[in-house]
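J.: build me a model:
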Amino acid sequence: MSDSIWGYQPTAGHIPGNDLIGYKVEATDGSIGKVDKHSDDVNSSYLVVDTGVWIFGKHVLLPAGTVRAIDQTERKIFVDLTKDEIKDSPEFDKDKHVGDAGYHEQVGSYYTNRRPI
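T.: Down below sits the predicted model:
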């Protein structure tokens, strides 16, 4: 993963300003859903993924540093996480995710403690 969990890896193929809404998201062990929202903000880049019926309509916040690769042609994003790691992630809180440093720290800590950065 990247040096900062909230920034895209240089090798991920991310193009700043590219609209990722609707892209399919693939964990290391299969599909997990589609991008519902994303941000390219410096030191705060992320994806909000709608997991659909897979985990009962849960939305998850994935820091950009979890993105391994983006396939622009296939409209797919590959993350360096398993389905279980995503399923067990902190619940996405739409009211806290913008401007709440504590919430971002909680989410970031969850992912950095799962895999070495």
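
J.: for this structure, which spans come out with low pLDDT?
T.: The chain contains residues with pLDDT under 70 at 1-3, 54-56, 115-117.

J.: just checking: what are the partner strands of the host helix or strand of Ile32?
T.: Here Ile32 sits within strand 30-39, counting by DSSP states H and E. Applying DSSP bridges, strand 30-39 is found paired with strand 24-27 (antiparallel), strand 46-50 (antiparallel).

J.: okay if I get the ones you listed as TSV plus mean neighbour count and distance to Tyr110?
T.: For glycine as for every other residue, the C-beta is placed from the backbone atoms N, C-alpha and C. Formatted as TSV, these follow (neighbours: other C-beta atoms under 10 Å; distance: least, C-beta to C-beta, whole Å):
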stretch	mean neighbour count	distance to Tyr110
strand 24-27	20	15
strand 46-50	22	13
